[in-house]
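>>> next one to model:
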Amino acid sequence: STLFPYTTLFRSLSEINPVDRLFDSLGRFQKAGATSFLLVNTSDIRPVTMGASAVLDFGWKGNALGSSDKFYTDWTTEEFGAKASPAVTAVYKAYFNAPALRPGTPPVPYGDSYCHTIGRHMLENAMVQWPIYWVPGQAPFWTKPTPRPLPYDPDAAFEQAQKEIKACGDAEPRWDAVWHQALAAEPLVTPGRRDFYQAAVLTMIAINRDSNRMLLALSQAVVALHNGDHATAIAHTNDALRDIDDLQIAESKAEYGKWKNWYHGDWLTGVPRTRTLVEQFATYLKNPTAPMPPPLEWSNWEAYYHIQ
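All right, here's what the predicted structure looks like:
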């Protein structure tokens, strides 16, 4: 069986699937008798150690593993200590309930990749408008990449921004609450596991919280530009740059020991790519005649080019 609960459009740097969803999906495979093999594609294991462990444990033990609540308790006790387990379990559950949701059955949570992809798309549309070409970013060597013009909608960035202001604005207090909840739980963590707590919990939350705030700020900037208010657009763009700074500071705190420079390999969410484009947008707001980015959208899956 192969499990794809959500795609990498939504998160590549953090956990996305609550354990109850993973167990429910895998339980349907078990019930159907599809138990010959289990393929898990996490992209990178480090950001999803808990989710990967849940999938592999269920794949080995099936329903005999017990409930998702039991898994959270066992996982947090093993990784952070029995004293911290109840508080950290509550943090994980609040984390999975914090994101804005896209329509779907079930609704699909926003994540780091979604926030950065949509943010870049809005800025490209606001600056370049039309024509913008889409270039497949994962073409194998034996095929010829074919640029394709995207349909033109002069109000696309403005309309997207209005939706994101509502969604991200509603999610912001939830992200703030789970962040403070995680900070309060940190002193309970076994001292020798606090570096891992920083990476697996605090940095994970910060990536999503700051990405949500960044997308909110960029959306407010695009709406302000649409309304002719350049000063407000500049202010919100500067807010977005600070949000990216905060995100990258949180990443650096997780790069302890052998993990030094680990986020340098972020070629899926593309935080550095986002920062570059936001800086170009800030320059554009101050001087519309300044050089603009090329009229191209691509998948930004640079990892595959580095691997190939």
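
>>> need the longest helix for the chain.
Of all segments of type helix in the chain, defined using DSSP state H, the longest is helix 156-185.

>>> give the buried residues for that helix.
Burial within helix 156-185, assessed by neighbour count using 16 or more other C-beta atoms under 10 Å, is assigned to 156-158, 160-161, 164-165, 167-168, 171-172, 174-175, 178-179, 181-182, 185. From N, CA and C alone the C-beta is placed, and that goes for glycine too.

>>> again, but for stretch 226-233
Of the residues in stretch 226-233, 226, 233 count as buried by neighbour count, 16+ other C-beta under 10 Å.

>>> next one: residue 223 from residue 113, what distance?
23 Å (C-beta to C-beta, to the nearest Å).

>>> the two - which one has more neighbours?
Looking at residue 223 and residue 113 with other C-beta atoms under 10 Å, you find the greater number of neighbours at residue 113, namely 23 against 20.

>>> secondary structure element holding that one?
Here residue 113 is covered by helix 112-128, with elements defined by DSSP states H and E.

>>> buried set for that helix?
For helix 112-128, the buried set under the neighbour-count rule, 16+ other C-beta under 10 Å, comprises 112-128.

>>> check stretch 233-247 too.
By 16+ other C-beta under 10 Å, the buried positions in stretch 233-247 come out as 233-234, 236-237, 239-241, 243-244, 246-247.

>>> follow-up on the earlier one: let me see the mean pLDDT of the longest helix of the chain.
Mean pLDDT, computed over helix 156-185, is 97.

>>> make residue 1 into 763 and carry on from there
Let's use 763 as the start, then, which means that last one is helix 918-947.

>>> what packs against it?
Of the remaining helices and strands, those touching helix 918-947 by 3 or more C-beta pairs under 8 Å, 6 or more residues apart in numbering; DSSP states H and E are helix 847-859, helix 874-890, helix 965-988.

>>> now the angle from it to helix 847-859?
With axes from the mean of the first three to the mean of the last three C-alpha atoms, to 10 degrees as the basis, helix 918-947 and helix 847-859 are set at 180 degrees to each other.

>>> give me the buried positions along the host helix or strand of residue 1046.
Assigning secondary structure by DSSP H and E places residue 1046 in helix 1033-1048. When burial is assessed from 16+ other C-beta under 10 Å, helix 1033-1048 yields the following buried residues: 1033, 1035-1037, 1039-1040, 1042-1044, 1046-1047.

>>> might you list the low-confidence residue ranges for the stretch 763-912 of the chain?
The model of the stretch 763-912 of the chain has pLDDT under 70 over residues 763-772, 898-908.

>>> how are the helices of it distributed by residue range?
Listed from the start of the chain, the stretch 763-912 of the chain has helices (DSSP state H, counting those that start in this stretch) covering 781-794, 811-823, 830-842, 847-859, 874-890.

>>> any chance you could give me the fourth one in CSV, C-alpha atoms only?
By that I understand helix 847-859. As requested, C-alpha coordinates have been extracted for helix 847-859 and formatted as CSV (Å, rounded to 0.1, in the frame of the first residue of the first chain):
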residue,chain,number,x,y,z
SER,A,847,4.3,14.1,28.0
PRO,A,848,0.8,15.5,28.8
ALA,A,849,1.7,19.1,28.0
VAL,A,850,3.6,18.2,24.7
THR,A,851,0.7,15.9,23.6
ALA,A,852,-1.6,18.9,24.0
VAL,A,853,0.8,21.0,22.0
TYR,A,854,0.8,18.5,19.1
LYS,A,855,-3.0,18.4,19.1
ALA,A,856,-3.3,22.2,19.1
TYR,A,857,-0.7,22.4,16.4
PHE,A,858,-2.7,20.2,14.0
ASN,A,859,-5.8,22.4,14.7
